[in-house]
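>>> The sequence isn't on hand, but the structure is:
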């Protein structure tokens, strides 16, 4: 989810002349420290993190900005930070805010019985929906119906685990709306439908295999439950209805606004605090923001309450991403130095002896780090390692961009902290009484199910 930070940082590093070749790895400590805090805070010091995560992010951001100002001057440091916040972060958080707000007004009411086929159908619908309204939106809309459908089954934790695999991660790989890393790529210049046309095979293969594994496991457990004592269904089956339909055209409007900004290039820009902002991007963000506020007007409060909608999750994302966008600026400067920078060993890992990119290495390194550091910043790092030129990556190095994109989106499912919706779904399931596995128990599931499938997919598509 932190791809935008890397993209913006890369632009700032290039335009404002941070001397990446002369910068040591110490400049990356604030970025690494913030990501480590995000990964461990909710698990190791939950109470402190819950009340002070914004302050923690601000401290790490200050530890990045102040040394930059001292070493390279206040003017250079402030320009780099403002460029990041105004050209990338604002668009990124506006889109997430809109998708979160609009999807929160859509309620799937009623209940159906969670048989293996029904569950597989819900997972399939959720995975397809994830690329339209984002993994966060699809997860928040469908997790409660999925839990209600299976709340009378003694074995139901696996349903939530595969929901995280498919709906909260893999399903969001086909459009920039699906997952934050892909939207970061879109802001960096990747065409809106590039991922659709270049990742559909990888997504169909990987998602299809995961769904088949789920179906096999659910059939076995469902049959075993047949001989177990029956559990009274706390939510008897009722007719399923979709409420809040007025939000559907608003979601379509968000997609339209993004497509408009990609197609309409009037060549008009405005200078804000010395940073050039293009008209089409300002119009896009204004439309998306207006649609989000319109959703609050047309949606019933009862629908949002039934969805458990609160502003807490999006507020946390906004604060943490602001810190990450700032902290990654010096890291991108180092990456742009390539073999002359302090991260030269990382560059060597993803480069073959002939100098060509090693797509399989890009897939696994992007994915491996996405499992623990969240997939957006990891995507940005490897996007820059691959050259950072969207036009070349979409054409000459299309397979490399596909490897980075697939690794970031797919392998965010490997842990609870790999993608923002993962932990949200986990928390909701536990609150509803599902006996979810702990951090390492979940990784046992992902290691047994996902890693073998990723191995096959990696060699098949990027080997």
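Right, received. Where do you want to start? Remember, it's a predicted structure, so these values are computed and weren't measured experimentally.
>>> wait, residue 296 sits on residue 101?
Yes. With contact defined as C-beta atoms under 8 Å, residue 296 reaches residue 101; the gap is 6.6 Å. Using the backbone N, CA and C atoms, a C-beta is placed for each residue, glycine as well.
>>> Low-confidence ranges, the stretch 351-463 of the chain, go.
373-374 (pLDDT under 70).
>>> ok, back up a step: neighbour-wise, which of residue 296 and residue 101 wins?
Using other C-beta atoms under 10 Å as the criterion, residue 296 and residue 101 rank with residue 101 on top: 24 against 13.
>>> So what does the residue nearest to that one when sequence neighbours are not counted look like in phi/psi?
Distances taken as C-beta to C-beta, 6 or more residues apart in numbering put residue 292 closest to residue 101, at 4.4 Å, once the chain neighbours are dropped. Here is the backbone geometry of residue 292 (degrees, to the nearest 10): phi -60, psi -50.
>>> Likewise for residue 357?
Per-residue torsions, residue 357: phi -70, psi 140 (degrees, to the nearest 10).
>>> could you point out the longest helix in the protein?
helix 116-149 (DSSP state H).
>>> who does that helix touch, helix- and strand-wise?
Under the contact definition 3 or more C-beta pairs under 8 Å, 6 or more residues apart in numbering; DSSP states H and E, helix 116-149 sits against helix 90-103, strand 107-111, helix 157-166, helix 194-225, helix 247-263, helix 420-431.
>>> So which of these is nearest residue 387?
Evaluated over the helices and strands packed on helix 116-149, closeness to residue 387 peaks at helix 194-225, with 15.6 Å, by C-beta to C-beta.
>>> Distance from the chain centre to the helix or strand that that closest one is followed by, please.
Using DSSP states H and E, the helix or strand that follows helix 194-225 towards the C-terminus is strand 238-243. Distance of strand 238-243 from its chain centroid, counting by C-alpha atoms, centre = their mean, to the nearest Å, is 29 Å.
>>> Strand 238-243 packs against which elements?
strand 107-111.
>>> any idea of the mean pLDDT in stretch 105-121?
Averaged across stretch 105-121, the pLDDT comes to 84.
>>> Straight-line length of that stretch, end to end?
23 Å (C-alpha to C-alpha, to the nearest Å).
>>> and it, how far out from the chain's middle?
24 Å.
>>> List the buried residues in that stretch.
Judged by neighbour count (16 or more other C-beta atoms under 10 Å), stretch 105-121 contains these buried residues: 105, 106, 107, 108, 109, 111, 112, 114, 116, 119, 120.
>>> Name the nearest residue to the last one, sequence neighbours excluded.
Translated: residue 120. residue 215 (5.0 Å).
>>> I'd guessed that neighbour sits against residue 116; true?
Yes. Under the criterion of C-beta under 8 Å, residue 215 is in contact with residue 116, at a separation of 5.8 Å.
>>> which intervals of the stretch 201-350 of the chain have sub-threshold pLDDT?
By pLDDT under 70, the weakly predicted segments of the stretch 201-350 of the chain are 227-237, 336.
>>> wait, residue 280 sits on residue 261?
Yes. With contact defined as C-beta under 8 Å, residue 280 counts as touching residue 261 (4.6 Å).
>>> returning to what we had before: please identify every residue contacting each of residue 215 and residue 116.
Residues touching both residue 215 and residue 116 (C-beta atoms under 8 Å, 6 or more residues apart in numbering): none.
>>> can you give me the strands for the stretch 301-450 of the chain?
With DSSP state E, counting those that start in this stretch, there are no strands along the stretch 301-450 of the chain.
>>> can you pull out the helices in it?
Assigned by DSSP state H, counting those that start in this stretch, the stretch 301-450 of the chain shows helices spanning 301-306, 312-327, 329-336, 344-349, 359-373, 375-385, 390-394, 398-410, 420-431, 439-461.
>>> Which strands and helices lie in contact with the second one?
It refers to helix 312-327. The contact analysis (3+ C-beta pairs under 8 Å, 6+ apart) places helix 312-327 against helix 3-15, helix 29-44, helix 46-72, helix 74-84, helix 90-103, helix 420-431.
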